[in-house]
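Undergrad: just need the structure, nothing else, for what follows:
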Amino acid sequence: MLTTELVRGPVTGAPDIDALASEDLADLEALARLAWQRGRHDDARDIVHGLIVLQRDNPDFWTLLGEVERDAGELDAAWAAMNEGMELDTTYARAVALADVHLLRGDLERASDALTFVRLNWPADDDECVSELDARLARQRDGSTV
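TA: Numbering: from 1, shown residues only. I've put the predicted structure just below:
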């Protein structure tokens, strides 16, 4: 199956879309995550794009695509994908991830707005991750290193 192809080389064939069941989608998502974790951004991106074709309204697929794009250095594509995921289902994790992408893009105003949004909507979840993003925002505002 595709897992074997990933270990041996790039994924070149697309699965038969009509034959896919929900557990197959979960397997493909896991495969995309494996490719992403191994730094195979093109393979991960291709798999996630296929998943999005199948379930365009799945916010987890959009968020995963955003994470892949972020780690591949494609920050505008990361922002677009994560924003799509947020529009479909606003969660703490997605809001924090979007704030991170804003910081990486150097969009300090949007990063600040995203962090304010996180604090207003999930005050009990204001954790180390948010504190780290606050510190990065402060350093960027001061002209320090990201």
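Undergrad: quick one: name whatever helix or strand follows whichever strand or helix holds Thr116.
TA: Using DSSP states H and E, the element containing Thr116 is helix 108-121. As assigned by DSSP H and E, the chain's next helix or strand after helix 108-121 is helix 128-141.
Undergrad: could you give the angle of that following helix to helix 108-121?
TA: 150 degrees (axes from the mean of the first three to the mean of the last three C-alpha atoms, to 10 degrees).
Undergrad: return the set of buried residues in helix 128-141.
TA: Cys129, Val130, Leu133, Asp134, Arg136, Leu137, Gln140 (16 or more other C-beta atoms under 10 Å). The C-beta positions use only the backbone N, C-alpha and C, and glycine is treated the same way.
Undergrad: can you lay out those as CSV showing pLDDT and distance to Glu69?
TA: Shown next, in CSV, are these (pLDDT from 0 to 100; distance: C-beta to C-beta, whole Å):
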residue, pLDDT, distance to Glu69
Cys129, 89, 20
Val130, 91, 22
Leu133, 95, 19
Asp134, 94, 24
Arg136, 96, 19
Leu137, 96, 21
Gln140, 95, 20
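Undergrad: out of those, who's nearest Pro123?
TA: If you rank those by distance to Pro123 using C-beta to C-beta, Val130 comes first, at 10.3 Å.
Undergrad: list the buried residues in stretch 22-35.
TA: With burial defined by 16+ other C-beta under 10 Å, the residues of stretch 22-35 counted as buried are Asp24, Leu25, Asp27, Leu28, Glu29, Leu31, Ala32, Arg33, Leu34, Ala35.
Undergrad: mean confidence for the helix or strand where the last one lies?
TA: Taking DSSP H and E as the definition, one finds Ala35 inside helix 22-37. Along helix 22-37, the predicted local confidence has a mean pLDDT of 92.
Undergrad: what's it packed up against?
TA: Where contact means 3 or more C-beta pairs under 8 Å, 6 or more residues apart in numbering; DSSP states H and E, helix 22-37 is packed against helix 2-8, helix 41-54, helix 59-71.
Undergrad: turn those into a markdown table, columns for mean pLDDT.
TA: Below are those laid out as a markdown table (pLDDT from 0 to 100):
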| stretch | mean pLDDT |
| --- | --- |
| helix 2-8 | 38 |
| helix 41-54 | 96 |
| helix 59-71 | 97 |
